[in-house]
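Chemist: I would like the atomic coordinates for the input below:
(4 chains)
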Amino acid sequence: MAVVETTRVAMTLYDHLPVLQVLVPLVSAPLIVLIGSRRLTWSIAFTASAVSFVIAILLLMQVIDGSIISYQIGGWAPPLGIEYRVDAANAFVLLLVSGISTLVLPYARESIKSEIPARHHTLFYAAFMLCLTGLLGVTITGDAFNVFVFLEISSLSTYVLIAMGSYRDKRALTAAYDYLIMGTIGATFFVIGLGMLYMATGTLNMADLADRIADQGANRTVRAAFAFIVVGMGLKIAIYPLHLWLPRAYTFAPSAVTVFLAATATKVAIYVLLRFTFSVFQPKFMFEVNTLEFIILPFAILAMFAASFIAIFQTDFKRMLAYSSIAQIGYMLLGISLLTETGLTATVVYLFNHGITKATLFMGVGILVLRSGGSFYNRIQGMGKTMPWTSAAIVIGGLSLIGVPGTAGFISKWTLVEATIEKGWWPVSILIVLSSLLAVIYVWRVFEVLYLKAPLAGTNYKEAPLTMLIPMWILALSCIYFGLATDVTLTAARAAAQGLLAGSAGMF
Amino acid sequence: MGFELTQEYILGHMNYWLFSVLMMTGLYIVVAKGNLVKKIVGLNIFQTSVFMLYISTGKITGGTAPIFPLDMEVDPNVIYSNPLPHVLILTAIVVGISTTALGLALIVRIQEEFNTIEEDEILEIERAIVLAENAIHGDSMGGRA
Amino acid sequence: MLILTAIAVVRMHSLFAVAMLSGVFSLLSALLFVTLDAVDVAFTEAAVGAGISTVLVLGTLALTSRFEKPTKRSPIIPLFVVFVTGAALIYGTLDMPNFGSPDAPAQTHVGPDYLERSVEEIDIPNVVTAILASYRGYDTLGETAVVFTAGIGVLLLISGFSRRRRRDDDDDEESEET
Amino acid sequence: MRHHLILRVITKILVGAIMLFAFYVQFHGDFSPGGGFQAGVIMAVAFILYGIVFSLDSVKRVFPPWLVHKLVALGVLLYAATGVLSMFLGYSFLDYDAFVPSHPSSGQHYGILAVELGVGITVTAVMVAIYYAFAGRPPRLSDEEW
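Modeler: Next up is the predicted model:
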């Protein structure tokens, strides 16, 4: 032992980046409660979120070339201790999550003021930071059980955040309760899956799990574990038949919360699914190929059509976007079920681009709600004239949602079509294009309501405050930027896909 | 990958099957019952049964609790059961009670706003709200879906 | 016993009885944990399941209602869900190692490492505490954060606007600002 | 429950014993079953019992809500601070070897003690806070209805 002491090199701040990524928001939440001053609350939250965004950038720069950072928490080498493991795939998701939260916080200031009583603000921001902590922790960890712990931090805070919508509509409470029940069943399924994996392999470290599963092949326990983990995560992702909680949760949550959840929570769940499917259970086992091709694929396509179809008939902008999210999740799952590198790349690009697109749109809805008090079409009609900046950003977001060339949404859909063609699945490519036409219809309805209808008599809405407009326009412009500068996202996504497919090979 | 239904096999797996039955009873309560409090109780039973499954993984026949003698003179002949599942389940129990507390707090709020904790009655009330909204804002495929 | 209790919970309509039975269920499972050598878990399950969560359920009942109304929905879909899940579970158990078998993967890979190494590295008798607080200490930090989340969640949901105001410092600030 | 004299006297004795037991579980967790979480629950039970038998207001005088709120946060911070301290000493996050580098297992002892204390504080405070929140609501059922 003594020898180790003399030779060990003290770790620098730079070495601690992986753990600081999660630790900064984690510590900020109790600090907010401890200080308890309403003036400082927002600044603490914003600083913590911005710092973790900067860390995410630094991490992504380190791993973009395909290298892996492993951080041993407590100094215990895995599989004994818990390991943080950053590769291109999760660094990319970390960047998305911390970036969105840094943009949502300034936006939330005004929006929350109008939607939640002032005495709850301190605790609200604490819950928000915990949600961020949970999502980052799930993404960065290399330990399967640690995923569950941080998943629950994010879930519990999400239930509370959604329930905070009850000051506008009491249905937020039942929405939160439904999500609590579904989410807990999902998490418990996930735990059952982990338990079976542990029985079959005796370890919890993801890389170690992958090695051991690869060595011994899949037996029935491993297969059942795969099924439980997919269904458990499926509940969180809102895969089509398991999506029932999502529209209500998104519709009734406070606007800022909806923005954050829509852009990050489901994306993180998809990342976990990707990580488990490709890195832990390698897709070479027939059972998984079958599951993905014959179960996930039909449901993905069903989601693309059914949810889009329902979205067309909505009269509430927010609820329409929620259904559109379910449809978009279908596209991402489609990319997964292709089981090719291009398919995975498409999913990762989709994850990112849909994140920023939906964030733009939900921010727009939030502003409309702030000014008009509701998001029903006949409530917001004609607001394109009174609130030109907000509406213009909504238009950009809408175009990106459809996948018009020149926007981020186009890149993701194009990559997906490319992937299906590469695999030779022509009918699927056609289905993608067809379902995009449905998106044209539901997005067009919004444009029509905003621009072609006369404003409600006796209303004269002011343009939104700058603290809300600026984050929204940053996102709207990045929708265009990532639509033109395609190689940025595609390079990162390809590195991520390769990282996921490489799994644990050669790491032990 | 075949397995034989020997007596040893059945006895060695009986515990798993019993826990599975318990889990499914809990899950059934959550999915089928309309009372919000009862759903939470069902969730607890479901989770506790999962914990049993975990803990039984760690048991070694003839083993004892993983606590060394106070003087740390570990007798190499004593078999200790695997402590790792215990640790995981301690964490999971804490997560479970946190979820329960939050769920019950939500129920209290629901009771105050809707004046009932029966899912059927809540559905009824929400349907009425949606109908009222549709009357003002035009038909939508709203409701609880 | 456990199964009988669980089934009784399904059948009962008196929520008070349900709460008590769920406490009984927890106590029984704590006993089971003791026989499975998990004394720490048994201790916690008894304190949490039979103690805190029963108190919480009773507290909720006092604020809501005591009886469950029978639901009109058909039990076919729930039964189907439960049946499919149960089948998946049983399928998964088929290849599990025999109960108590010392050469199962779980007993041969990471588990014994903790037992061997903690004597030297941590040097405390209770290995469960050693793993909980040190080897997997980060999980426990996460667990504490979960408890913290639940705490502020409950405060956000049901604290502050009943008849009694309890966030004194908070209310002062509010009057400052408004 | 003002009139139950026996209950009140026994409670007064019990509360002290329960608290003592909580401290035992807290600091003896290294040697026997138990630790911060269990101790926190037991400690909270002492306050809850006091609150049920006497009244919510009297237990709030002993353990005021603002203090509970601060402690909720303090426990988590104590845990995290232990880890941050080991980071400042040039070790990994939560590597307790950092505290006594010459004798790592003593460092582990200190570290475990500190984090268990953090867990204990947060759990006690959260449980009491939850109890205050539930008990502070106006009940719908009167005592007779039970």
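Chemist: how far does stretch A:447-465 stretch from start to finish?
Modeler: End-to-end span of stretch A:447-465 (CA to CA, to the nearest Å): 22 Å.
Chemist: Can you name the residues in contact with it?
Modeler: Residues from elsewhere that reach stretch A:447-465, judged by CB atoms under 8 Å, 6 or more residues apart in numbering or on different chains: A:110, A:317, A:367, A:370-372, A:377-391, A:394-395, A:398, A:469, A:472. C-beta coordinates here come from the backbone N, C-alpha and C atoms, glycine included.
Chemist: Near chain D, list only the ones from these.
Modeler: For chain D, no contacts are drawn from these by CB under 8 Å from any CB of the partner chain.
Chemist: Buried ones among those?
Modeler: A:110, A:317, A:367, A:370-372, A:377, A:379-384, A:386-387, A:390-391, A:394-395, A:398, A:469, A:472 (16 or more other CB atoms under 10 Å in any protein chain shown).
Chemist: Name the nearest residue to C:E45, sequence neighbours excluded.
Modeler: Ranked by CB to CB, 6 or more residues apart in numbering or on different chains and with sequence neighbours excluded, the top spatial neighbour of C:E45 is C:A30, at 4.4 Å.
Chemist: what do you get for D:L74?
Modeler: The shortest distance from D:L74 to any non-neighbouring residue, by CB to CB, 6+ apart, is to D:I121 (5.9 Å).
Chemist: For chain C, see how far away A:Y177 is.
Modeler: According to CB to the nearest CB, to the nearest Å, A:Y177 and chain C sit 11 Å apart.
Chemist: Quickly check: the host helix or strand of C:E116 near chain B or not.
Modeler: In this assignment (DSSP states H and E), C:E116 forms part of helix C:111-121. Yes: judged by CB under 8 Å from any CB, helix C:111-121 comes into contact with chain B at C:G111, C:P112, C:Y114, C:L115, C:V119.
Chemist: And the contacts of the helix or strand just after that helix?
Modeler: Downstream of helix C:111-121, the first helix or strand assigned by DSSP H and E is helix C:127-130. With contact meaning CB under 8 Å, 6+ apart, helix C:127-130 is reached by B:66-68, B:80, B:83, B:86-87, B:90, C:40, C:114-115, C:118, C:122, C:124, D:29-30, D:33, D:35, D:108, D:112, D:116.
Chemist: distance between stretch A:158-171 and the chain's centre?
Modeler: Distance of stretch A:158-171 from its chain centroid, counting by CA atoms, centre = their mean, to the nearest Å, is 20 Å.
Chemist: Within reach of chain A, which of the contacts of helix C:127-130 are there?
Modeler: Restricting the contacts of helix C:127-130 to those touching chain A (CB under 8 Å from any CB) yields C:Y114.
Chemist: quick one, what contacts A:W425?
Modeler: A:L338.
Chemist: One more: D:M19?
Modeler: Contact analysis of D:M19 by CB under 8 Å, 6+ apart lists D:M43, D:A46.
Chemist: residues of the helix or strand where it lies that come out buried?
Modeler: Element membership of D:M19, judged by DSSP H and E, is helix D:5-27. Buried residues in helix D:5-27, counted by 16+ other CB under 10 Å: D:T11, D:L14, D:V15, D:I18, D:M19, D:F21, D:A22, D:V25, D:Q26, D:F27.
Chemist: Equivalent analysis for stretch A:328-347, please.
Modeler: Neighbour counts over stretch A:328-347 (16+ other CB under 10 Å) mark A:328-340, A:342-347 as buried.
Chemist: Of the residues you listed, which belong to helices?
Modeler: A:328-338, A:342-347 (DSSP state H).
Chemist: pLDDT weak spots in chain D?
Modeler: D:1-3, D:139-146 (pLDDT under 70).
Chemist: which SS state does the residue nearest the centre of it fall under?
Modeler: Nearest residue to the geometric centre of chain D (CA atoms, centre = their mean): D:T124, 2.6 Å. At D:T124 the chain is in helix, as set by DSSP: H, G, I helix; E, B strand; the rest coil.
Chemist: so it touches D:V45, yeah?
Modeler: No: applying CB atoms under 8 Å, one finds D:T124 not in contact with D:V45, separated by 9.6 Å.
Chemist: ok, the closest residue to C:A47 other than its chain neighbours - contacts?
Modeler: What sits nearest to C:A47 in space, not counting adjacent residues and going by CB to CB, 6+ apart, is D:V41, at 4.6 Å. Residues in contact with D:V41 (CB under 8 Å, 6+ apart) are C:T44, C:A47, C:V48, C:G51, C:I52, D:V123, D:T124, D:M127.
Chemist: Could you list the buried residues of stretch D:80-98?
Modeler: Residues of stretch D:80-98 classed as buried: D:80, D:82-87, D:91-98 (neighbour count, 16+ other CB under 10 Å).
Chemist: How many residues are close by the closest residue to chain C within chain D?
Modeler: As assessed by CB to the nearest CB, chain C sits closest to D:V126 within chain D, at 3.5 Å. Using other CB atoms under 10 Å in any protein chain shown, D:V126 has 32 neighbouring residues.
Chemist: Quickly find the element holding residue 61.
Modeler: Went with chain A since none was named. Here A:M61 is assigned to helix A:38-63, by DSSP H and E.
Chemist: that answer is for a different chain, and I need it for chain D
Modeler: Judged by DSSP H and E, D:R61 forms part of helix D:56-62.
Chemist: Surely A:R38 and A:F124 touch.
Modeler: No: using CB under 8 Å, A:R38 is not in contact with A:F124; the gap is 10.6 Å.
Chemist: Looking at these two, which one has more neighbours?
Modeler: Neighbours were tallied for A:R38 and for A:F124 using other CB under 10 Å; the higher tally belongs to A:F124 (26 against 18).
Chemist: quick one: is whichever strand or helix holds the more buried one near chain C?
Modeler: Per DSSP H and E, A:F124 falls inside helix A:121-140. Yes: remark: helix A:121-140 sits within contact range of chain C at A:T122, A:L123, A:F124, A:A126, A:A127, A:L130, A:T133, A:G137, by CB under 8 Å from any CB.
Chemist: ok so, going back, the contacts of helix C:127-130 in helices, which ones?
Modeler: B:H86, B:V87, B:L90, C:D40, C:Y114, C:L115, C:S118, D:Q108, D:I112, D:E116.
Chemist: re earlier: do the helix holding C:E116 and chain D meet at all?
Modeler: Yes: using CB under 8 Å from any CB, helix C:111-121 reaches chain D at C:E120, C:E121.
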